[in-house]
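Sequence plus predicted model, see below.
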Amino acid sequence: MVGSALVRRLQQAGFEHFITATSSELDLRDQAQVRTFFEKHKPDYVFLAAAKVGGIVANNTYRAEFLYDNLMIESNVIDAAYRNGVEKLMFLGSSCIYPKMAPQPLKEEYLLTGLLEPTNEPYAIAKIAGIKLCDAYRAQYGSNFISVMPTNLYGPNDNYHPQNSHVLPALIRKFHEAKRDQLPFVTLWGSGSPLREFLHVDDLADACFFLMENYNEPGLVNIGVGHDLSILDLARLVQGIVGYEGTIENDLSKPDGTPRKLMDVSKLHQLGWQAKIDLETGIREVYEAVKDQL
C-alpha cells in the first residue's frame, strides 16, 4: 500500500527510474541478497517502507516473526544503503513506537519515555531500532538517513484479510459482508472506546516526498492529520458509507489495545506540510474501488 503510493507520487513529480523488487524477487531479511541488489543497482534515494505488518492479533501471535523479520529488513537495507553511497534514505516507522500511556497527542520527544503496548511490543521495538540505526549511521558515518512515523494508514492496495488486517479495512469488509449476507448485526472487537487517527496513504506519500526534499535531521517526524475519533465512531462512519442497516455489537473479550494514539504533527506543520484528504471522502473512494472484490 505505501510503496505503490510512493511510486504514484514520484511519478506525478516526473520521476521515471524506479528500482523496485517484490518480496519473491528479493528477500530483504537475507543480508547477502540485499547487498548484491544494492551493489548491482546503486540507488540514489531509498524509501524503506518494507515491513512485516498486521493488526493486534497478528502482532501478538507472531511475536518472534514480527521482531526478527523487521529487525533484519531494516538492518540489511540501512547498512547496504550506507555501503553503496545512497544519497538519502527515509525509514518509515509506526505510531506504536510510543509508550502505551504517553501523554496525548504524541510528540516526537516521547520516544523511549515509558512502557510499550504489550500486544505489539515486538513490532514497536523493531521500529525503534530502525530509528536509532538511522541516527547511528548519521552520527558515525555522516549518512543522510531520516525517519518518519506515520499514523494509521488506509487507501488503495490495503489488506482486507479477515484475520490479519488493520481496523479500518477490517471494518469495511465486515460491514460489506454483513450487508451482502443480510446479517442482523456486526461484531466490533473491544469496547469501541479507543481513539485512533487515520491518514490516507496518498497524503502519506505526499508528506514523504516533501520531507525527502526538505528534512535532513536526526530523530523522527510524525506524519498524521492531527485529530482522531473513537473506533465506535469509525464503525458508524463505515456503516453509513457501506449502507448497512443492522446493529453494532461489542465483543468485550477482545483487546482494545492502546487507549489513544494521536500524533502531534506540529513539527510537520512547521516544516510546511498538512494533510488534505478528509476521512469520509477517503473511505468512500476506497470502498467504491474495492467493494466488488470483497
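Cool, the structure landed. Given the structure is predicted, the values throughout are model-derived calculations rather than measurements. Numbering: from 1, shown residues only.

Tell me how far Thr61 lies from Gly55.
Counting by C-beta to C-beta, to the nearest Å, the gap from Thr61 to Gly55 is 10 Å. Quick note: C-beta positions are derived from backbone N, CA and C, even for glycine.

Those two: which has the busier surroundings?
Gly55 (20 against 13; other C-beta atoms under 10 Å).

Show me which residues of stretch 137-152 are buried.
Neighbour-count burial for stretch 137-152 flags 137-138, 143-152 (criterion: 16 or more other C-beta atoms under 10 Å).

what is the rounded mean pLDDT of that stretch?
The predicted model assigns stretch 137-152 a mean pLDDT of 97.

what's the first-to-last distance across it?
27 Å (C-alpha to C-alpha, to the nearest Å).

Helices along the chain, start to end?
Using DSSP state H, the helices found in the chain span residues 2-12, 31-41, 56-61, 63-83, 121-141, 167-180, 201-214, 231-242, 266-271, 279-290.

Of those, which is nearest Val186?
Smallest distance to Val186 across these (C-beta to C-beta): 4.8 Å, for helix 167-180.

if I look at Asn216, how far off is Gln270?
For Asn216, the distance to Gln270 - C-beta to C-beta - is 15 Å.

ok, now Phe145?
Looking at Phe145 against Gln270, where the rule is C-beta to C-beta, the gap reads 21 Å.

roughly how far is the helix or strand of the chain with the lowest mean pLDDT from the heart of the chain?
None of the helices or strands of the chain scores lower by mean pLDDT, DSSP states H and E than helix 56-61, at a mean of 82. Distance of helix 56-61 from the chain centroid (C-alpha atoms, centre = their mean, to the nearest Å) equals 16 Å.

how about the CA coordinates for it, as PDB?
Extracted in PDB, the C-alpha atoms of helix 56-61 (Å, rounded to 0.1, in the frame of the first residue of the first chain):
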ATOM      1  CA  ILE A  56      -3.500  -6.700  17.100                       C
ATOM      2  CA  VAL A  57      -4.000 -10.500  16.700                       C
ATOM      3  CA  ALA A  58      -1.100 -10.900  14.200                       C
ATOM      4  CA  ASN A  59       1.200  -8.800  16.200                       C
ATOM      5  CA  ASN A  60       0.500 -10.700  19.400                       C
ATOM      6  CA  THR A  61       0.500 -14.200  17.800                       C
END
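
which parts of it are buried?
Across helix 56-61, burial judged by 16+ other C-beta under 10 Å covers 56, 58-60.

How about the contacts made by the nearest residue to Gly282 once chain neighbours are set aside?
Nearest residue to Gly282 in three dimensions, chain neighbours excluded: His200, at 4.3 Å (C-beta to C-beta, 6 or more residues apart in numbering). When contacts are counted by C-beta atoms under 8 Å, 6 or more residues apart in numbering, His200 touches 153-155, 275, 277, 282.
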